[in-house]
Structures are given as structure tokens and as C-alpha cells.
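J.: Pasting the sequence and the predicted model now:
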Amino acid sequence: MFLPRGLSFVAVVMGAQIASAAEIKLLGAIEGQVKNQAGVAQMGATVTLVNRQARTLQRALTDPQGRFRFDGLFPDTYGVRVIASSFVPAYRGNVFVKSGIDSFLTVQLANIFSSIELVYRPAGQSGLLTEDWKYTLRSSSSTRPVLRMVQTKEPAISTTRNSGSVFSSTRGVVAVSAGDMAASSPNGQEADLGTAFALATSLHGRNHFELSGALGYSSGLGTPTGGFRTRYRRTGGEFGAPDIELTVRQASYRGHAGAGLLGGLGGGHDAPLLRTMSIKVEEKTQIGDHFGLEYGGLAESVVFMDRLTILSPFARASFDTRTWGSFLLAYSSGATPTSLLTDIRYGYTPEQEALAGLGVFPRISLRSGQVRVQGTDTIEAGYRKSIGKQSFGVAAFIDNVRDPAIPLGGLDGYSNSWNLMPDLASDAAIVNMGSYQSRGFVVTGERQLGEHAFASVYYGQGGTLEPLGPLDSIGGASDLRSSFRPVRRQWASVRAGGAIAKTGTFLTSSYGWSDSDGLAPYHASLTQRHQPLMGLNFQVRQNLPTFGMPGRIEMNAELRNLLAQGYVPIGVTTGGNLLLMQFPRTIRGGLSFIF
């Protein structure tokens, strides 16, 4: 059957529009307009779009109306840099692109302070309303008297006054998760908080507030946990303001499978609560076009049988040569500064990342009946360079690790003569392994595979703890510590991941290896972008249909150390075997509603 030529053309156009509409629902865009302080559009300004790793993705020049646009962007966090002659460059980071939403930027260039304001709006809604209609009407003699009469009416003035909105860019996420145990990390005890939420909004465009919290039971353990966090930051204006964050957390060991280990110290139903309260202040300063400085500190109070106060300062300086790469120097003491840790996390909203850090309790342990908190003093110097779609980096570091808290499994029937403490993340316990120093280096390489995929490699050497000999008859925690020695070992990791735009699926896999017979070397790099995990790891995140509801629904699954690598068997004098598990095997899943 043959259709007339005109009908065939209409059918082809409609089919293309339907296919493109299905694609647009998963993609977003960034557009904007560049003006000077007087409101005059700036033609020919260079606008650069970068990803969260500061790698250039696209460039554009503004048109005669000062407009620019970047289409077909997958949901992620981007940065926009605007440069024009005779003006101070403007930069705006943390521009999150949402599915089916356009991020509109209003750029104001100045000779001293330039600024960029961000507004989200549904795709297809025009945000670049031009003045062309005015001049079209004024060119007609029949409409000119009408315009003069309307300008004197009061309703036109009142409409302009009420056009502003106090709150803007309101967004949030509600997440539910479960699994065989919570994720564990050398940076902290990551209690699975079960049900969590995060809400963020902006007040008058420049004042940003975030509130996140969680109440629930740790997966599979019945341990009540809870946490709340508030955050304030200000952007734009002539004077910057620090990023302020207040966090409170609480966990109960009453009814925990390992609460009997606290016998004599308030065990069983009288086990004390673990409470933490912390305040973090962070500031970022750009000095000229090349030098940047990030600094701040964390003050944390930990209450568990004793009250401990921990001060954790941190700082990182960077010098970007633009041609020869970036040089970085970082320092931290005490708790690991999570804000300086960068990693490839495609499609995560800032609110999801906030929830990931909310459940991280300090790693605490017992030694000689006293509560100890794990801490690390780090000095690191690094270098990063990007060439097209590939980048590489090198770094040298010195870590002084104090009171490392390592999970110890297989403790059924053991008393607390070992000076152990229950683990929030599993039914294991925590043992204090003393202290050691780690000196080493890391080499990283990464390559973009298409627009939304990547592959990276990581190699390094560093210090760790390794047994002096066979661990056949260990009588307690002090005996265990004396049976280990600090050594220098190698470790390597490969990682690949990306996104499937058609289905909205995010996939990430990695494998980490070490030649150590004891604990695997670990270093939280403050200058490189890759934070490797030991063993075989998978992460899958899938967007689900919303059936017309606002926002989006995401299902996720995470599998860590599936091959149970890095476990160290320990024979004890009373018979049986224990396992040191620096990276426990974990299987978790969850559901998130993002709006």
C-alpha cells in the first residue's frame, strides 16, 4: 500500500518526534544567557562545560543575544565556565542536570566580581524571553497608542512585583534500603539506616539549605540507628561564606547480636548508646586564574562510655597551569575529610551523596578498657593531567594510622576478654590493631569511552599490617596485635562503568588486588579521583517508570567483595577460628524516589 507523498512525509516527521520524545525524557540540557552589569548581552563569550572531574566536555560561543545551550546531557553534576575579554571569568559548579529538565543559567560578567545564577525548569519551557515582540508592535502605527495606554495601568506594575519566588530549586530524595549487612569502609562504620530522606532548597537564589535524616534498623541486626544533618552554604555575591554542616547520630547496642561482648562495661540490655555530634566548616577560595585553596575543620564529640572530642583539620591547595596539568598538596588529621575525596559516581544527585555520608559513624574500638577512635594523619602531594578523553595522575603520601578498627568475625561464645566491641555494620566485632605508618605512592589512569562510559586503572604501594608467622594460637587482642608487623605491599585496581541512555541504567564494576598476606593496603587519596575497593564489586542502578508521577524512581543493588578476598584466618587457644575482615562481603539493595 502506497501513501501520498505528503502523508508519508508527515508520518516520518511524527515518528522522529515520538522517538526523540522518548529520548528527551532521560536527558537534560544546560542553557543560559550572558550579560554585563548593565544588562547588555555579550556576544562571542566562550562557555565551557566540564564534568565533575573538571574535564572539558563541550564548548560554545554565545550568539548575538548572549545565549548558549548544551543539549543531550545525561543526569549528572556539571560545571560551567564563562570567559569574555575585559571581564573576570565566571564559574559555577554543582549544576545538576535532571531528566527532562533544563538548567537555565543567568551569567552576569563584571570587572571585579562575576556571578552565575541557576534556575531549573521543565524541558520545552522557554526561559529566553526576548524583547523582539515589543519592537514588532512599536513598528505598527495601529498598536503604538495601545502600548502607551497599557504602560500607565497599575496591574502591569503589580504583576512585575509578584513575579519573584522566595524558595527555588527545591529537590529531594526518599530512599529505602536493605541487605545482609551494611556496607563497611576503612573510613568509618557505615550503619545501614534503612529509610532515609534528604531535602534541599534555595532562599532568594543564593542561600542554600539542606536537611537530611534517617530513622530505622540496621539491616539484619535489629540495631536502632538514627541521624540528622543540616547544611548551609551561600553562593554569589561579593563576599563568600563558608559551608557549614551540623550532624547528629545515635545507635543503640541494646539487643545487638554482639552486645554481650560489652559485659562488665554495661553489656546486654544495659549497653550504652553511641552518640556523635559534629560540626564541619569548609571554605573554598580561588586566588587568580590558577591557584585554588580548600580548607576547613571537623569538630566531633563521641559519647560511648566515655566522652571524646576530636578535632580534624584539613586543607588542599591546587595550582592549575592549564597547559601542563594541575599540582596539588593536601593535609588532613583525624577523621578522613570526605569532602576532599572525589570519585566517579555517574547520575548521583547531591542529595543521594549526602545520604551516603550520613550513616558513616566514626570507627571506634576498645583498648585496655578505654574507647579509642580511629584517626589518620595524611600528607599527600599529587599531579593530574588531562589530554582529550584520557587523564592520568601520580601522588606520593605519608599516612600515620592510629587505632585502626578492623572487623573480626566468628565470635560466637567469646567473652570480652579480647577487648572487643560490636560492629554496627554486621554481627561481627571490632578489634583494635594498634598503629602503623604507611609511606607510598599511587598512579592512576582514566579514559572516557563515549559520552557516558569510562574505564580506569589504579596501581600503588603502601604500608599495611601482615602476620609475623602462622596465627595458630592467639590468646587475646594484645596477643593478636603483637603477631602483626608493618610491611610495604602493592595493590592494584581496575574499574569500568557507564550509563545506557535508552534504558536509564547505570553500571559499575571493579576488581581490586593486593599481594599482602594480611590486611590489604588502603589509602584515601586526597589528590586523585579513584578510591579503589578490594575484591570483586558490582553496582547496578535502574530508573523505573513513574506512570505519570512527578520525579523519578530508581532501583539499586550493590555487591562488594563477592569473592571474600582479604580475609585473614586466626586460630585461638580455646579452639576454633576467627576471621579478620577488612572488607566484608556485602549484598545490598534499595529503592529511591527522587524529585
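T.: Thanks, I have the structure now.
J.: Can you get me a residue count around the closest residue to residue 563 other than its chain neighbours?
T.: Nearest non-adjacent residue to residue 563, counting by CB to CB, 6 or more residues apart in numbering: residue 536, 5.1 Å away. (C-beta placed from N, C-alpha, C; glycine too.) Neighbours of residue 536 under the rule other CB atoms under 10 Å: 18.
J.: Next, give phi and psi for the closest residue in space to residue 321 that isn't next to it in sequence.
T.: By the measure of CB to CB, 6+ apart, the closest residue to residue 321 outside its immediate chain neighbours is residue 290, 6.8 Å from it. Main-chain dihedrals, residue 290, degrees, to the nearest 10: phi -120, psi -30.
J.: contacting residues for the nearest residue to residue 325 once chain neighbours are set aside?
T.: Nearest non-adjacent residue to residue 325, counting by CB to CB, 6+ apart: residue 385, 3.3 Å away. Taking CB atoms under 8 Å, 6 or more residues apart in numbering as the contact definition, residue 385 lies against 324-326, 391-393.
J.: Excluding chain neighbours, what is closest to residue 94?
T.: Closest to residue 94 by CB to CB, 6+ apart is residue 77, at 5.7 Å.
J.: pretty sure that neighbour is touching residue 96, no?
T.: Yes - using CB atoms under 8 Å, residue 77 is in contact with residue 96, at 5.2 Å.
J.: out of those two, which sits in the busier spot?
T.: Between residue 77 and residue 96, residue 96 has the larger neighbour count (other CB under 10 Å), namely 21 against 18.
J.: you'd agree the more buried one is in a strand?
T.: Yes - counting by DSSP: H, G, I helix; E, B strand; the rest coil, residue 96 falls inside a strand.
J.: Test my guess that it contacts residue 74.
T.: No - using CB under 8 Å, residue 96 is not in contact with residue 74; the gap is 11.4 Å.
J.: And the helices in the stretch 1-150 of the chain?
T.: Using DSSP state H, counting those that start in this stretch, the helices assigned to the stretch 1-150 of the chain run over residues 5-24, 132-138, 144-150.
J.: make that the chain, sorry
T.: Using DSSP state H, the helices of the chain run over residues 5-24, 132-138, 144-150, 154-161, 350-358, 477-482.
J.: burial count for residue 234?
T.: Residue 234: 15 neighbours (other CB under 10 Å).
J.: dump the residue contacts of the closest residue to residue 207 other than its chain neighbours.
T.: Among residues not flanking residue 207 along the chain, residue 234 sits closest, at 5.5 Å (CB to CB, 6+ apart). Residue 234 is in contact with 206-208, 240-241, counting by CB under 8 Å, 6+ apart.
J.: and with 7 Å instead?
T.: Residues near residue 234 by CB atoms under 7 Å, 6 or more residues apart in numbering: 206-207, 241.
J.: In the stretch 1-150 of the chain, where is pLDDT below threshold?
T.: 1-26, 111-115, 118-150 (pLDDT under 70).
J.: For it, which segments count as strands?
T.: Under the criterion DSSP state E, counting those that start in this stretch, strands of the stretch 1-150 of the chain are mapped to 28-36, 46-50, 56-61, 67-73, 76-83, 90-97, 101-109, 115-122.
J.: got a markdown table for those strands, with distance to residue 375 too?
T.: Compiled in a markdown table, those are given as follows (distance: least, CB to CB, whole Å):
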| stretch | distance to residue 375 |
| --- | --- |
| strand 28-36 | 41 |
| strand 46-50 | 34 |
| strand 56-61 | 38 |
| strand 67-73 | 40 |
| strand 76-83 | 30 |
| strand 90-97 | 29 |
| strand 101-109 | 40 |
| strand 115-122 | 37 |
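J.: what's the closest of the ones you listed to residue 377?
T.: Distance to residue 377, taken as CB to CB, is lowest for strand 90-97 among these, at 28.9 Å.
J.: distance of residue 536 from residue 280?
T.: Per CB to CB, to the nearest Å, residue 536 is found 34 Å from residue 280.
J.: Quick check: mean pLDDT of stretch 533-544?
T.: Averaged across stretch 533-544, pLDDT comes to 88.
J.: For that stretch, which outside residues touch it?
T.: Stretch 533-544 is contacted from outside by 347, 504-512, 514, 520, 552-563, 565-566, 583, using CB under 7 Å, 6+ apart.
J.: Would you mind checking those for buried ones?
T.: Taking 16 or more other CB atoms under 10 Å as the criterion, what is buried in those is 347, 504, 506-508, 510-512, 514, 520, 552-554, 556, 558-561, 565-566, 583.
J.: buried set for stretch 229-245?
T.: Applying 16+ other CB under 10 Å to stretch 229-245 flags 229, 231, 233, 235-236, 243-245 as buried.
J.: C-alpha coordinates for that stretch, CSV please?
T.: Presented in CSV, the C-alpha positions along stretch 229-245 are these (Å, rounded to 0.1, in the frame of the first residue of the first chain):
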residue,chain,number,x,y,z
ARG,A,229,22.2,16.6,59.2
THR,A,230,21.7,20.3,58.3
ARG,A,231,23.8,22.2,55.9
TYR,A,232,24.0,25.9,54.8
ARG,A,233,26.1,27.4,52.1
ARG,A,234,26.0,30.7,50.2
THR,A,235,26.9,31.3,46.6
GLY,A,236,27.4,34.5,44.6
GLY,A,237,27.8,38.0,46.0
GLU,A,238,31.0,39.9,46.6
PHE,A,239,31.9,38.1,49.8
GLY,A,240,32.0,34.3,50.1
ALA,A,241,30.6,32.4,53.0
PRO,A,242,31.8,29.1,54.5
ASP,A,243,30.0,25.8,54.0
ILE,A,244,28.6,24.9,57.5
GLU,A,245,27.3,21.4,58.3
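J.: Do me a favour and average the pLDDT over it.
T.: Rounded mean pLDDT across stretch 229-245 is 75.
J.: shaky segments in the stretch 451-595 of the chain?
T.: The model of the stretch 451-595 of the chain has no residue with pLDDT under 70.
J.: Could you check how many residues crowd around the nearest residue to residue 63 once chain neighbours are set aside?
T.: Leaving out its chain neighbours, the residue that sits closest to residue 63 by CB to CB, 6+ apart is residue 43, at 6.6 Å. For residue 43, the count of nearby residues is 14 (other CB under 10 Å).
J.: And residue 43, how close does it get to residue 81?
T.: To residue 81, residue 43 is 18 Å away according to CB to CB.
J.: hmm, back to that, sitting in strands, which of the contacts of stretch 533-544 do you find?
T.: Among the contacts of stretch 533-544, the members falling in strands (DSSP state E) are 505-512, 514, 552-560.
J.: Phi and psi next, for residue 335.
T.: Backbone torsions of residue 335, given as degrees, to the nearest 10, read phi -70, psi 150.
J.: what residues are up against it?
T.: Residues near residue 335 by CB under 7 Å, 6+ apart: 298, 300, 310, 312, 362, 375.
J.: That'll do, ta.
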